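Undergrad: Please find the sequence and the predicted model below.
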Amino acid sequence: MNFIKKQLLFFSITLFYCISLLAQIVTGAEQTERYFPLLQHKKVAVCFNPTSIIGTTHLVDTLKSAKIDVVKIFAPEHGFRGEAEAGATIQSSVDAKTGISIVSLYGRNKKPTAEQLKDVEIIVFDMQDVGCRFFTYISTLHYLMEAAAAQQIPILILDRPNPNGYFVDGPVLEEKYKSFVGMHPVPVVHGMTIGEYAQMINGEKWLENDLVCELHIVECKNYTHQDRYSLPVKPSPNLGTDEAIYLYPSLCLFEGTDISLGRGTNKPFQIFGHPALTMGDYYFTPEPIKGVSENPPQKGKKCRGVDLTNEAKIHLQSNNSFNITYLIAAYNHFPKEMKFFTSPDFFDKLAGNSTLRWQIINGRTEEEIRASWQPALEKFKKTRSKYLIYPE
């Protein structure tokens, strides 16, 4: 009898495991039956970009087809249709396909004004995040929540999985280094979806004047934080592969140095190098790519460095981290007479402190550096647990 029970238990566990593998993740946007009723007969503003899709159809087109009154589009970094490269100012305009007015939230106007919200009754936020503090969509979310709360306008968040949502790592941002590439005291990799992160913004009272935004979240179905999620649309022009997205948390800090991380090649955020680097057996020459990297670092110069694509394919999807060994190695193989940290202030904003740069310059080991941020990281993990929607 015990043998039969064990066999039945084994069968049940195996069946459950197989069913869970077959369960398809359903994004918030795909569950139109849950949010269309909230939008009918209302003046709707949306904060969308090219990742705001159902299948191959842009969500704004789906809303228009359903006769929902979309009166305004708010555009984040890279623009509404994804036509701008990183850091490029987004201009307010009109969407050629729908005729809807587009208001830029990347440039001088990062926060909607009361005037821009006066004819809006509800805001829909749907963008694919990649789980890093310096990916600016969560900064846009903050300002949108702040403006909406001030005008008592609810925000409807259509949640999407976080492709880097299975780990939490890196130094926690210090208040002194707050900027648009890091607005909150969270680590480099926060391990939360947009919906979860929005709840934390509210719960930790990070909006000005202790404002609280009314949120309605359509959560994903069949998603847990241990799932791996391959993005159907690249979240920004230079994050075109799963490998780049896995490497992005660790390689982005090179943006504050003289090292190229592959902008202007077919492997951005999968490689790094420099004409004077004395490590690696991979060579590449960055060249302008219209709409993606029109003036890449080290343009036209042959760079020597490392291709991390295979490492990302084999290891990072199952065991990722905020990896500082790339930075340490590059610094140690860079000519001492040349300036490695060409934008130290920007590097510190990305890192969330000036300590990391000092540690690298002064030869601290990876173990020493990682140990220095553990107390704040553990404290954040406890805070994060209060706002999770999905199982760990």
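TA: Arrived safely.

Undergrad: Tell me how far the residue nearest the centre of the chain lies from residue 143.
TA: Among the residues of the chain, residue 130 comes closest to the average C-alpha position under Cα atoms, centre = their mean, at 3.1 Å. In this structure, residue 130 and residue 143 are separated by 19 Å, where distance is defined by Cβ to Cβ, to the nearest Å. C-betas here are computed from N, CA, C, even on glycine.

Undergrad: do residue 26 as well
TA: Counting by Cβ to Cβ, the gap from residue 26 to residue 143 is 29 Å.

Undergrad: of the two, who's got more company?
TA: Of the pair residue 26 and residue 143, residue 143 is the one with more neighbours under other Cβ atoms under 10 Å, namely 19 against 14.

Undergrad: quick one: that one and residue 112 touch, right?
TA: Yes - between residue 143 and residue 112 a contact is recorded at 7.4 Å, counting by Cβ atoms under 8 Å.

Undergrad: Please enumerate the shared neighbours of those two.
TA: residue 105 (Cβ atoms under 8 Å, 6 or more residues apart in numbering).

Undergrad: Where does pLDDT dip in the stretch 1-150 of the chain?
TA: Within the stretch 1-150 of the chain, the segments meeting pLDDT under 70 span 1-22, 78-79, 81-92.

Undergrad: Please repeat the previous calculation with a cut-off of 90.
TA: 1-23, 75-99, 104, 106-109 (pLDDT under 90).

Undergrad: what ranges do the strands span in it?
TA: Listed from the start of the chain, the stretch 1-150 of the chain has strands (DSSP state E, counting those that start in this stretch) covering 43-48, 53-54, 57-58, 69-75, 93-94, 101-104, 122-126.

Undergrad: Quickly run through the sheet partners of the longest one, with directions.
TA: Spelled out, it's strand 69-75. Here the strand partners of strand 69-75, with direction, are listed using DSSP bridges: strand 43-48 (parallel), strand 101-104 (parallel).

Undergrad: in the shortest one, what counts as buried?
TA: Put plainly, it is strand 101-104. 102, 103, 104 (16 or more other Cβ atoms under 10 Å).

Undergrad: Export that strand to PDB, keeping only CA atoms.
TA: Taking Å, rounded to 0.1, in the frame of the first residue of the first chain, the C-alpha atoms of strand 101-104 are listed here in PDB:
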ATOM      1  CA  SER A 101      -1.600  63.700 -29.700                       C
ATOM      2  CA  ILE A 102       1.800  62.500 -28.300                       C
ATOM      3  CA  VAL A 103       3.300  64.200 -25.200                       C
ATOM      4  CA  SER A 104       6.900  63.500 -24.600                       C
END
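
Undergrad: Let me know whether residue 95 touches residue 64 as I believe.
TA: No - with contact defined as Cβ under 8 Å, residue 95 does not count as touching residue 64 (10.2 Å).

Undergrad: which SSE is residue 251 in?
TA: Element membership for residue 251, per DSSP states H and E: helix 242-251.
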